[in-house]
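> Fold the following, please.
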Amino acid sequence: MRKILLHTCCGPCATSSIETLLNNDIRPTLFFDNPNIAPNDERELRRENLHTVAKHYGVDVIDGFTLHSEFLNRVSGLEDCKEGGDRCLKCFLLNAELTEKASKEHGFDSFCTTLTVSRFKNTARVWGEFSKLDGFEKIDFKKNAGFERSCKLSKELGLYRQHYCGCEFSMSGS
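I've put the predicted structure just below:
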C-alpha cells in the first residue's frame, strides 16, 4: 500500500477523503496545522474532531502548531478580500508549505489536501497554490459525491461541523 501525507482542514472533510485514498490502496497519514483557524478554541476543537476521525479509520496524525500570527502576516492587507479571493490563495499556499515541510521531514514522497472535498472551495485555485511545491498530488476529493459523503459520515460519527472556513475574516462572511 502506497503512503501519502494528507493535509486536513477538519475532521468532517477528512472522512470521505480518507475513504477515497484507502479505496485506492493509498494509506494516508493526516497532517493538521492550519494556523489560519481562529480563535484558538475553534482550532483545537477541529483538531480534536480530526483525531476522532483518525482513530475511527486507524490512521496516524501529525500535529503542527504554527502560530496564528504567521497566517496574519501572510494575509496582511488582504483582510477585506471576499471569501475565495487573494487572501484565501495566501492561506492555501501557507498550508501547502507547511504540509510539504512535514512531508519531507517524515519521509513521504507526496502529499495532498482535503480542501478539494468542500463544495465551497474552487479545486483549481487550491491546486494552483499547492502545485507550486514539490510532491503535491492533485486529487479531487469532491468527485463521486465526496462532499455529500463527508456530510453523512460526519453525522454518523457525531462530528462538529464548523460554520465558516477558519479565519476570523471568513467568520464574518467577507
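> Cys151 reaches Pro12, doesn't it?
Yes - between Cys151 and Pro12 there is a contact at 7.3 Å, judged by Cβ atoms under 8 Å. For every residue, glycine as well, the C-beta is placed using N, CA and C.
> Show me whatever sits in contact with both of the two.
Arg161 (Cβ atoms under 8 Å, 6 or more residues apart in numbering).
> Between these two, which is the more surrounded one?
Pro12 (27 against 17; other Cβ atoms under 10 Å).
> residue contacts, the more buried one?
49, 150-151, 153-154, 159-161.
> Pick out the most distant pair among those.
Asn49 and Cys151 (14.0 Å; Cβ to Cβ).
> secondary structure element for Leu22?
helix 11-23 (DSSP states H and E).
> mind listing what's buried in that helix?
11-21 (16 or more other Cβ atoms under 10 Å).
> now stretch 147-162
147, 149-151, 153-154, 159, 162.
> which ones among those residues are found in helices?
147, 149-151, 153-154 (DSSP state H).
> which one of the buried residues of helix 11-23 is nearest Lys82?
Once Cβ to Cβ is applied, the member of the buried residues of helix 11-23 that ends up nearest Lys82 is Cys13, at 21.4 Å.
> give me every residue that touches the closest one.
114-115, 117-118, 141, 150.
> What lies in contact with stretch 19-27?
Under Cβ under 8 Å, 6+ apart, the answer for stretch 19-27 is 1-4, 6, 28, 57, 59, 139, 141, 144, 146, 149, 153.
> Show me the strands in this protein, by range?
2-7, 26-32, 61-63, 111-113 (DSSP state E).
> Let me see the ranges of the helices in the chain.
Using DSSP H, helices in the chain cover 11-23, 40-57, 68-74, 86-105, 123-130, 146-157, 168-171.
> Now the weakest link among those helices, please, by mean pLDDT.
Per-stretch mean pLDDT for those is lowest at helix 168-171 (a mean of 88).
> Buried residues in that helix, which are they?
For helix 168-171, by 16+ other Cβ under 10 Å, it's 168-170.
> ok, now stretch 94-105?
Of the residues in stretch 94-105, those buried (16+ other Cβ under 10 Å) are 94-103.
> Please save the CA atoms from that stretch in PDB.
In PDB, the C-alpha atoms belonging to stretch 94-105 read as follows (Å, rounded to 0.1, in the frame of the first residue of the first chain):
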ATOM      1  CA  LEU A  94       0.900  28.700   3.600                       C
ATOM      2  CA  ASN A  95      -0.900  25.400   4.400                       C
ATOM      3  CA  ALA A  96       0.800  23.800   1.300                       C
ATOM      4  CA  GLU A  97       4.200  24.900   2.500                       C
ATOM      5  CA  LEU A  98       3.600  23.600   6.000                       C
ATOM      6  CA  THR A  99       2.400  20.300   4.500                       C
ATOM      7  CA  GLU A 100       5.400  20.000   2.100                       C
ATOM      8  CA  LYS A 101       7.800  20.600   5.000                       C
ATOM      9  CA  ALA A 102       6.100  17.900   7.200                       C
ATOM     10  CA  SER A 103       6.100  15.600   4.200                       C
ATOM     11  CA  LYS A 104       9.800  15.900   3.800                       C
ATOM     12  CA  GLU A 105      10.600  15.700   7.500                       C
END
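> Please consider this matter closed, and thank you.
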